[in-house]
Every structure is written in C-alpha cells, then in structure tokens.
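Novice: give me a 3D structure for the following:
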Amino acid sequence: MEEMITILAVGAPYDFKADSGQQISGCAVWYVPTVEFNATSEVDETGAVGVLGYLPRKETFPKEFHERAMAIGVPCQAKAHFKMAVRNGQSVLKIDGCDFVTNKK
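Specialist: Modelled structure (predicted):
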C-alpha cells in the first residue's frame, strides 16, 4: 500500500546499546498522512477526543534517513510504502520506506 504523507520533522539520529545488549539505532519521524488539510472537529482521524486539528503520527526510520531528509529539506512530501507488522500482538500498518516527492520547475 502507498500513501502520500507530509513529513513534518525528523529527529536527530540515535545509536545506543539497550540494557539487553541489543544495539538500537534510528531516527524519529513525525508526519501527517494527508496532503490537503481540511477543517476538523474535536475528534481527529486518529480518534483523539478533545484535539482540534491533526495529531502527527510518529514512526522510527533508519538513522540514515536523517541525512536524506537534510538533503531534501523538511517539511516535505513523500510517497510512503506500508507493510503489515505485529506490534503488541496486533497486526498494524508500518511504513517500510518512502520516496521524496520533488516539484520540478
């Protein structure tokens, strides 16, 4: 599945060893799954009650994504590719990668 997203922010890359000894690395990416913004009520599309507007979603990307985002500039638009993953015993859609969309003039 593919969907256009707007990447709002990319956190600094991190790389550390967990207490279990596992090496953990990546960068946080905040995005909204829309290109056009419409007026919203107090319940957004994620079901958050009492929130006016859109709450960005957060995903963990490989730490190399930070360099790619720096080269293109943020905020930006991208075509996200999703795959099914298991989180806490439930199947969810997870971003598997994305291609930046550039406007050629």
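
Novice: poorly predicted segments of the chain, please.
Specialist: 35-49, 103-105 (pLDDT under 70).

Novice: so where do the strands sit in it?
Specialist: For the chain, the strands defined by DSSP state E cover 2-10, 14-17, 23-32, 57-61, 76-87, 90-101.

Novice: Arg68: which of the ones you listed is closest?
Specialist: For the strands of the chain, the distance to Arg68 is smallest for strand 90-101, at 7.3 Å, taking C-beta to C-beta. Bear in mind the C-beta positions are built from the backbone N, C-alpha and C, glycine included.

Novice: buried ones in the closest one?
Specialist: By 16 or more other C-beta atoms under 10 Å, the buried positions in strand 90-101 come out as 95, 98.

Novice: distance between that strand and the chain's centre?
Specialist: Distance, stretch centre to chain centre, for strand 90-101: 8 Å (C-alpha atoms, centre = their mean, to the nearest Å).

Novice: about what we covered before: turn the strands of the chain into JSON lines, including distance to Ala69.
Specialist: Shown next, in JSON lines, are the strands of the chain (distance: least, C-beta to C-beta, whole Å):
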{"stretch": "strand 2-10", "distance to Ala69": "4"}
{"stretch": "strand 14-17", "distance to Ala69": "15"}
{"stretch": "strand 23-32", "distance to Ala69": "8"}
{"stretch": "strand 57-61", "distance to Ala69": "9"}
{"stretch": "strand 76-87", "distance to Ala69": "7"}
{"stretch": "strand 90-101", "distance to Ala69": "8"}
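
Novice: what's the closest of those to Met70?
Specialist: That would be strand 2-10 among the strands of the chain, by C-beta to C-beta, at 8.0 Å.

Novice: what packs against that closest one?
Specialist: Judged by 3 or more C-beta pairs under 8 Å, 6 or more residues apart in numbering; DSSP states H and E, the packing partners of strand 2-10 are strand 23-32, helix 65-72, strand 76-87, strand 90-101.
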